[in-house]
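>>> can't give you the sequence, but here's the structure:
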């Protein structure tokens, strides 16, 4: 038997009192907080998407979303609302946790009709006069180049692009859900095919990979994403990031529209095999820069002639990893009338001047920008790996220059090195925000 003395009883009382006071004064833990709607009201134009945000979400809880007018707005399992027709919609949000169902409330959705873009009375030139440099790169010796400059600025810029993009409501969530890059049961994925086209730029027949959406039909028209590889890769490198699965899952979850994806060989010269011996030379870099000519003059016309392409900058995107990211920025800013969306995932050096003899950079800090008339009509996304020792601070430098020059864009970091983990994250976040 344990005997309690008077002093031990007093001490026990003091300890118990302290515990009670501590419990009363302690703040409520995050685990005790209830999930609640962070988003209460959303205004969209027809065709826009927006994700409903929930604060204090429980890890093991399941959240459901239901639209009361599916013809006006649909909502995916992840809470992404897609505006279809003008009107007012209510989205009911519920939580299921430990076999208990609880309503979080409703989100009011107001959908406005998309306004028609202003049409120019004159045909839009291939590239408007801008402060960005024209293509002046000298192709390598084995590259067949046109005798005349292939990009000629016009004396008068077009005041308004042919196609405008709807106002964007950018969210700052760049996390990827579990299994975003894996095959899922019940999802039908697109098909991968290889194409070959004649290149007047290189004087050779060139190869590219194309992903067609699962429900591909010649009767429909599709937006196009051109996806560019890195310095040692070719048209097959992006397959290491599972683009068929990443994009297919987004389409299945109604977080992206059906699209055609083109993965070309960016090394625009006659000898375009991957991992060449001269890959770190200026001559090799210029072969990548020369791709702007192959893309515009050869590959894009081939795609238009052979596939049902939705034309216009609002339906055309370009993105790339590493060296392909460098080229995406270069091509996108040089051809703003063609590309409404630009993505650069850990872009390589060379967009701005850097310490490499013979490669002076494609832009200066002052010219790395969009023409004013395209500033609010173009979506640009840049991501940087915090563990990336290959391109270092190049992505940050591009971000800083664009910010300084007043060019709107999105920028974020991922906790990865220079690898497919970072690139597939960039692909996921870019695709769910375009078209």
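Yep, that arrived. All values derive from a computational prediction rather than experimental measurement.

>>> tell me the SS of residue 428?
Going by DSSP: H, G, I helix; E, B strand; the rest coil, the secondary structure assigned to residue 428 is helix.

>>> who's in contact with it?
By Cβ atoms under 8 Å, 6 or more residues apart in numbering, residue 428 lies in contact with 176, 180-181, 246, 250. In short, each C-beta sits where N, CA and C put it, glycine included.

>>> try residue 95
Contacts of residue 95 by Cβ under 8 Å, 6+ apart are 35, 58, 61-63, 101-104.

>>> Just the ones of these in strands?
Of those, the ones assigned to strands by DSSP state E are 62-63, 101-104.

>>> Could I get those residues in CSV, plus columns for distance to residue 88 and neighbour count?
Below are the ones in strands among the contacts of residue 95 laid out as CSV (distance: Cβ to Cβ, whole Å; neighbours: other Cβ atoms under 10 Å):
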residue, distance to residue 88, neighbour count
62, 27, 11
63, 23, 18
101, 26, 10
102, 25, 12
103, 20, 9
104, 20, 18
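
>>> Neighbouring strands - and their directions - for the helix or strand harbouring residue 384?
Following DSSP states H and E, one finds residue 384 within strand 379-385. If you go by DSSP bridges, strand 379-385 pairs up with strand 341-345 (parallel), strand 410-414 (parallel).

>>> Residue 324: which of the contacts of residue 95 is nearest?
Set against residue 324, the nearest of these by Cβ to Cβ is residue 63 (36.2 Å).

>>> Please enumerate the helices of the stretch 201-350 of the chain.
243-252, 282-289, 291-294, 300-306, 323-334 (DSSP state H, counting those that start in this stretch).

>>> Could you save those helices as JSON lines and add columns showing distance to residue 414, mean pLDDT and mean neighbour count?
Below are the helices of the stretch 201-350 of the chain laid out as JSON lines (distance: least, Cβ to Cβ, whole Å; pLDDT from 0 to 100; neighbours: other Cβ atoms under 10 Å):
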{"stretch": "helix 243-252", "distance to residue 414": "15", "mean pLDDT": "97", "mean neighbour count": "21"}
{"stretch": "helix 282-289", "distance to residue 414": "24", "mean pLDDT": "96", "mean neighbour count": "21"}
{"stretch": "helix 291-294", "distance to residue 414": "26", "mean pLDDT": "98", "mean neighbour count": "24"}
{"stretch": "helix 300-306", "distance to residue 414": "30", "mean pLDDT": "97", "mean neighbour count": "14"}
{"stretch": "helix 323-334", "distance to residue 414": "13", "mean pLDDT": "98", "mean neighbour count": "28"}
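
>>> Give me the nearest residue to residue 262, chain neighbours excluded.
residue 226 (5.0 Å; Cβ to Cβ, 6 or more residues apart in numbering).

>>> wait, what's in contact with the one you found?
The neighbours of residue 226, taking Cβ under 8 Å, 6+ apart as the test, are 262, 264, 295, 299, 316-319.

>>> So it versus residue 89, what's the distance?
Separation of residue 226 from residue 89 (Cβ to Cβ, to the nearest Å) stands at 34 Å.

>>> repeat for residue 359
53 Å.

>>> Looking at the two, which one has more neighbours?
residue 89 (25 against 17; other Cβ atoms under 10 Å).

>>> what pairs with that one across the strands?
With DSSP bridges as the rule, residue 89 is bridged to residue 109.

>>> if we can go back for a sec, wait, which of the contacts of residue 226 is closest to residue 67?
Among the contacts of residue 226, residue 317 lies closest to residue 67 (Cβ to Cβ), at 27.6 Å.

>>> thinking that closest one is in contact with residue 222, fair?
No: counting by Cβ atoms under 8 Å, residue 317 stays clear of residue 222, with 11.7 Å between them.

>>> can you put the contacts of residue 428 in CSV and add distance to residue 274?
Formatted as CSV, the contacts of residue 428 follow (distance: Cβ to Cβ, whole Å):
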residue, distance to residue 274
176, 27
180, 27
181, 22
246, 22
250, 28
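
>>> thinking again about what came up before, let me know the pLDDT of the residue nearest to residue 262.
pLDDT, residue 226: 98.

>>> quick one: it and residue 260, what's the gap?
Residue 226 is 10 Å from residue 260, by Cβ to Cβ.

>>> go on, residue 82?
Distance, residue 82 to residue 260, by Cβ to Cβ: 20 Å.

>>> circling back to that earlier point, from the contacts of residue 226, which ones fall inside strands?
262, 264, 316-319.

>>> closest to residue 199 among those residues?
Nearest member of the ones in strands among the contacts of residue 226 to residue 199, counting by Cβ to Cβ, is residue 264, at 10.1 Å.

>>> how many neighbours does that closest one have?
Count around residue 264 with other Cβ under 10 Å applied: 27.
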